[in-house]
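# Generate coordinates for the sequence data below:
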Amino acid sequence: MPGHVDGSLKPARGDDAPLFHPAYFASLAEAPDAGLLRSLGWQAINGLNDERPTTWADRAPAAAAVRSPSVIDAAYGRHRVPAFRDRLGLPFERMIALCNATQRDPWLPVPHTAADDLVVGLARLVARTLDPGRRVRIEHPNEQRNAASPDLPQRRQAEAAAAAHFGLAPGWATACSR
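As a prediction, this is how the structure comes out:
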């Protein structure tokens, strides 16, 4: 093992592991015409079930290797496990690194609860780290157009805010999309 000294009890540094497994790259190669990689599942945005603003500080550290642990309730709402700081799943840095490695464009959803500093921080990160020539799609908020899933908290909250602002009856958006 690199860096190991015979007789030493200190752990050796070992080999650097790749950020993404070669088998994952092989599976992505099965869809060569897919120019976009959407990070919705990785970001753990659907079902963010509170109305607290989601800030840049709420995201996972850039080196985080796991998604945000959470529990799902009977209405498919996601509730974070309080012992973990991040509310946004895998870091944006991982998705950008994957897009750079595969030469694909990122589609990065941000939650309906995104505070301005989250959107600005993401824009700065993309400008600093995404390969030149790649185009980014930022979706804010996610799934507003999805009338097939009226149970998504972001749709319900946006619909209620619009009804209050414009004096519309509750459920107006779902009725209009049928």
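# all helices in the protein, in order from the N-terminus.
Using DSSP state H, the helices of the chain run over 22-29, 40-43, 92-102, 116-129, 153-166, 172-176.
# With respect to Ala57, which of those lies nearest?
Across those, Ala57 has its closest neighbour in helix 116-129 (8.1 Å, C-beta to C-beta). Yep, even glycine has a C-beta here, placed from its N, CA and C like the rest.
# can you list contacts of the closest one?
With contacts defined as C-beta atoms under 8 Å, 6 or more residues apart in numbering, helix 116-129 is touched by 54-56, 58-59, 92-93, 96-97, 100, 106, 108, 110, 136, 138, 140.
# Gly121: neighbour count?
17 (other C-beta atoms under 10 Å).
# Likewise for the one 4 residues further on?
A total of 18 residues lie near Leu125 under the criterion other C-beta under 10 Å.
# and stretch 166-174, average pLDDT?
Confidence over stretch 166-174, taken as the mean pLDDT, stands at 74.
# about what we covered before: relative to Ala63, which of the helices of the chain is closest?
Of the helices of the chain, nearest to Ala63 by C-beta to C-beta is helix 92-102, at 8.4 Å.
# biggest strand in the protein, by residue count?
Secondary structure of the chain per DSSP state E: the longest strand is strand 105-109.
# Convert the C-alpha atoms of that strand to CSV, please.
What follows is strand 105-109, C-alpha atoms only, in CSV (Å, rounded to 0.1, in the frame of the first residue of the first chain):
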residue,chain,number,x,y,z
ASP,A,105,-25.0,20.0,-19.1
PRO,A,106,-26.4,20.2,-15.5
TRP,A,107,-30.1,20.7,-14.7
LEU,A,108,-30.0,21.9,-11.1
PRO,A,109,-33.4,22.3,-9.3
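# where does the chain dip in pLDDT?
Applying pLDDT under 70 to the chain flags the ranges 1-15, 46-51, 65-87, 142-152, 170-178.
# domain parsing for it?
33-142, 146-178 (automatic domain parsing).
# I'd like the helices of the chain as a markdown table, with distance to Asp16 appended.
Below are the helices of the chain laid out as a markdown table (distance: least, C-beta to C-beta, whole Å):
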| stretch | distance to Asp16 |
| --- | --- |
| helix 22-29 | 14 |
| helix 40-43 | 22 |
| helix 92-102 | 14 |
| helix 116-129 | 19 |
| helix 153-166 | 38 |
| helix 172-176 | 49 |
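# Tell me which of those helices lies nearest to Ala64.
That would be, of those and by C-beta to C-beta, helix 92-102, which comes in at 8.0 Å.
# and the angle from the closest one to strand 105-109?
Counting by axes from the mean of the first three to the mean of the last three C-alpha atoms, to 10 degrees, helix 92-102 points 160 degrees away from the direction of strand 105-109.
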